[in-house]
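Enquirer: What shape does this take:
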Amino acid sequence: MKKAVVLLFPLIVLFVMSCPPQRFLIKESEQKLDYTIALDSTEGVYQFKVNFRLQGDFSGLTKVYTPSEWGPATGLNENIKKVKVKNASIEEQTDRYLLLRHAPRASISVNYTVQSLPKYPVDNPDEMFHPILQKDFFQFYGNGVFFYPADLNKIERPVNIYWEGFPEDWVIHNSYGSNQRKQSFRWRDSLWLESIFVGGDYRIHKIKIADDPVYVAMRGKEWRFSDDEYLDLLKKVITQQRKFWNDYDFDYFTVTLAPFMEGQNYGSYQGTGLRNSFALNATPKVGLKNFEYLFSHELMHEWIGLQIKTADPEAYRYWFSEGFTDYFTYINMRECGLISEEGYLWQINNVVKKYYKSAVREATNEELAANFFTDYSNYGKLAYNRGCVFAMYTDWRIRLDSKGEHRLKDVMQEFLNVCRHGKQRLTDELFLKTVNQYLEKPIDSYFEKHIQNGALIPLEDWMLGAKTEIREENGIPQFVVK
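Expert: Residues are numbered from 1 along each chain as shown. This next block holds a predicted model:
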C-alpha cells in the first residue's frame, strides 16, 4: 500500500441552517462591486454565467484582473469563456487582465462564463483548485472565478454577490456566510479572493466555540469517521487555539470537507487556510487521525500568517511563519489531549532528527528562501524544522531568564497586538526587540549566526525543561526523560 500523501501548502439537504448575515452600512457614493452568479446547463454541461458590475475610473481607463493562476493551479484563464462588455470597449486583453476604455465613471457590466474542470473525479489533487461544477455540487476558490479591479489594493469596496438559478434544496455556503442567496460584505486587496465557495449536496453543521459559531460544510458518505467525530476533533482544536491566543473575535468561520480522487485505495489529503475559512479535500480512505496535525498546524495560521503577517519578502521569515507555527502546533496538541507528554517528546525529537539529518541543514536563510518551493523536500522542510528548534530555544531562554514568569507565548501575544491593532508587519528587528525585553542578554548574535547564516543550532539539556536531558542516538542529539 502506498504511503499516505500529505499535501499542505485547504446530499440531499434535509434541513437548512443559516448563519447571521454580515451587514455593513454602505454609502451610495462608494464604488461597489456587484456579482451575479447564475447556474446554467442549457448547453448540456453545467457552468456559471457571471455578470460583474463596477464603476469605471474617472480617467476613462480601467484595468480588471481576471483568473490566471493561484496556488498550484495554472491556466485558470482557460476556464473563462465568452467575455462581453457593456458600456466599455476592450482596449487590451491578456490571460491576466482586461483594459477597458469607457466614459469617465461609467457603469460597466462584464459578462462571462466559467466552465468546470472538464474531468471529474480528478486524478491530480492540484486540479481541485480549478472551478468544479457537477450536477449535484460545486466547489471553487475565489481566485478562479472573480474578475476584480486593479485598484482593489488601494480602495476598500463593498461587494454584493447574488446567487441565481440554483435548485432550492442546494446549499450555498462560503467563506462569507451560509445559505444566503444575497451576500454583502467588503473587500480590500486581492487576498479577500482567497476564499472557498461550495454548494449543492453539502451537510451543514454548526458548532459553538465560546459564543462564536463555526460552520462545517461536508459532503460524501464513504468516510471512515462519522460527522460527529469530525466535528468533535474540530471543536477540540479550535477551542484550544482560541484559548491559547485568548482571542474569541470571530463572528464567522467555516471549514469545508469534500472527497477527491475517490478511486484511490490509499490516503491522501490537502488543506488550505483561507479568509475566514479552511478548505479540505481528502480521499475516503483517510482516517480521522490524519487530520489532527493538519488542523492543528493549518488553523494556527489564522494567527501566525494571517493576523501576524511577516514583512516582505515573506520567504525570508518562513523560519517564523512555519517553524514557530509547528512549535505551537505540538504544544497545543498536547494541551488539548491529542498527544501525550511522551507523544510531545517524540514529536520534538522527530523535528530535531530531521533537522540534524538534513542535507542542507546549514544553508543560509537567503538560500532557504530562494529554494523553498523549488526544492521543498530539503529547503522547505528546513524552514519548519530549524524554525521549530529556534522557537524551542527562545521559549526556554525566556522561561529560565524570567524564572518561570514568562514564556514565548507572551511574546506571541505582543506580536498579535502590534500586528493586528498597530497594523505592523513582523520584521527581524521587531522580533528581536520584543524578544530581548524578556531576556537577560539579547539574542541578536545568536539569531544572526543560526537563523540568518544557518549554523546548526546546538541542543542543550535545559532546552526542554528540567525533566529532560540530551543523549545521542546514532550521532543525533535527542531529549530523554531523566
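Enquirer: Endpoints of stretch 336-346, how far apart?
Expert: Start and end residues of stretch 336-346 are separated by 17 Å (CA to CA, to the nearest Å).
Enquirer: and if you look at stretch 134-146?
Expert: The first residue of stretch 134-146 is 19 Å away from its last residue (CA to CA).
Enquirer: pLDDT on it, on average?
Expert: Stretch 134-146 shows a mean pLDDT of 95.
Enquirer: Now that stretch: buried residues?
Expert: 137, 138, 139, 140, 141, 142, 143, 144, 145, 146 (16 or more other CB atoms under 10 Å). Using the backbone N, CA and C atoms, a C-beta is placed for each residue, glycine as well.
Enquirer: Any idea how far the helix ranked longest in the chain is from the middle of the chain?
Expert: Secondary structure assigned by DSSP state H gives helix 381-401 as the longest helix of the chain. Computed by CA atoms, centre = their mean, to the nearest Å, the separation of helix 381-401 from the middle of its chain amounts to 23 Å.
Enquirer: Contacts only, for residue 211.
Expert: For residue 211, the contact set (CB atoms under 8 Å, 6 or more residues apart in numbering) comprises residue 248.
Enquirer: Just the pLDDT at it, thanks.
Expert: Predicted confidence (pLDDT) for residue 211: 88.
Enquirer: Please tell me how far it sits from residue 246.
Expert: 14 Å (CB to CB, to the nearest Å).
Enquirer: which residue sits closest to residue 324, ignoring its sequence neighbours?
Expert: Nearest residue to residue 324 in three dimensions, chain neighbours excluded: residue 391, at 4.6 Å (CB to CB, 6 or more residues apart in numbering).
Enquirer: all strands for the stretch 251-400 of the chain, in order.
Expert: Taking DSSP state E, counting those that start in this stretch as the test, the strands found in the stretch 251-400 of the chain are 254-259, 268-274, 277-282.
Enquirer: picking up where we left off before, buried ones in the longest helix of the chain, by neighbour count?
Expert: Buried, per 16+ other CB under 10 Å, within helix 381-401: 381-399.
Enquirer: Export the strands of the stretch 251-400 of the chain as TSV, with columns for distance to residue 413, mean pLDDT and mean neighbour count.
Expert: Formatted as TSV, the strands of the stretch 251-400 of the chain follow (distance: least, CB to CB, whole Å; pLDDT from 0 to 100; neighbours: other CB atoms under 10 Å):
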stretch	distance to residue 413	mean pLDDT	mean neighbour count
strand 254-259	25	96	23
strand 268-274	21	90	22
strand 277-282	23	95	25
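Enquirer: Distance to residue 403 for the ones you listed - can I get that in JSON lines?
Expert: Formatted as JSON lines, the strands of the stretch 251-400 of the chain follow (distance: least, CB to CB, whole Å):
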{"stretch": "strand 254-259", "distance to residue 403": "40"}
{"stretch": "strand 268-274", "distance to residue 403": "37"}
{"stretch": "strand 277-282", "distance to residue 403": "39"}
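Enquirer: Just grab the bridge partners of the residue nearest to residue 176 when sequence neighbours are not counted for me.
Expert: Closest residue to residue 176 apart from its sequence neighbours, by CB to CB, 6+ apart: residue 185 at 5.1 Å. On the basis of DSSP bridges, residue 185 is bridged to residue 159.
Enquirer: what's the spacing between residue 185 and residue 193?
Expert: 12 Å.
Enquirer: Centroid-nearest residue for this protein?
Expert: residue 273 (1.6 Å; CA atoms, centre = their mean).
Enquirer: Check the gap between that one and residue 321 for me.
Expert: In terms of CB to CB, residue 273 sits 11 Å off from residue 321.
Enquirer: okay, and the common contacts of the two?
Expert: Common neighbours of residue 273 and residue 321 (CB under 8 Å, 6+ apart) are 301, 305.
Enquirer: Now for the residue nearest to the centre of the chain: which residues touch it?
Expert: 10, 298, 299, 301, 302, 305, 306.
Enquirer: To be precise, which single item in those residues has the lowest pLDDT?
Expert: For the contacts of residue 273, the weakest pLDDT value sits at residue 10, with 35.
Enquirer: count of residues packed around residue 162?
Expert: By the criterion of other CB atoms under 10 Å, residue 162 has 13 neighbours.
Enquirer: Need the nearest residue in space to it, chain neighbours excluded.
Expert: residue 36 (4.5 Å).
Enquirer: One more: residue 117?
Expert: In space, residue 117 is closest to residue 130, 4.3 Å off (CB to CB, 6+ apart).
Enquirer: Which residues are in contact with that neighbour?
Expert: Neighbouring residues of residue 130 by CB under 8 Å, 6+ apart: 73, 76, 79, 116, 117, 140, 144.
Enquirer: Which of those residues has the largest number of neighbours?
Expert: Most neighbours among those, by other CB under 10 Å: residue 140, with 28 neighbours.
Enquirer: Test my guess that that one contacts residue 197.
Expert: Yes - shown here, residue 140 and residue 197 form a contact pair, counting by CB atoms under 8 Å, at 5.3 Å.
Enquirer: In TSV, list the contacts of residue 273 along with neighbour count and distance to residue 158.
Expert: Listed next are the contacts of residue 273 as TSV, based on neighbours: other CB atoms under 10 Å; distance: CB to CB, whole Å:
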residue	neighbour count	distance to residue 158
10	23	26
298	23	30
299	23	29
301	19	27
302	22	24
305	17	26
306	17	22
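Enquirer: related to what we said a few turns ago, list the contacts for the residue nearest to residue 324?
Expert: For residue 391, the contact set (CB under 8 Å, 6+ apart) comprises 323, 324, 326, 327, 328, 408.
Enquirer: please redo it, this time with the cut-off set to 6 Å
Expert: Contact partners of residue 391, counting by CB atoms under 6 Å, 6 or more residues apart in numbering, are 323, 324, 327.
Enquirer: Just the buried ones out of these, please.
Expert: Among the contacts of residue 391, those classed as buried by 16+ other CB under 10 Å are 323, 324, 327.
Enquirer: now, which of the residues you listed lie within helices?
Expert: residue 327.
Enquirer: any idea which of the buried ones among the contacts of residue 391 is the one closest to residue 105?
Expert: residue 324 (46.9 Å; CB to CB).
Enquirer: Pull up the gap between that closest one and residue 35, please.
Expert: Going from residue 324 to residue 35 by CB to CB gives 37 Å.
Enquirer: now residue 131
Expert: 14 Å.
Enquirer: likewise residue 142?
Expert: Shown here: residue 142 relative to residue 35, a distance of 10 Å by CB to CB.
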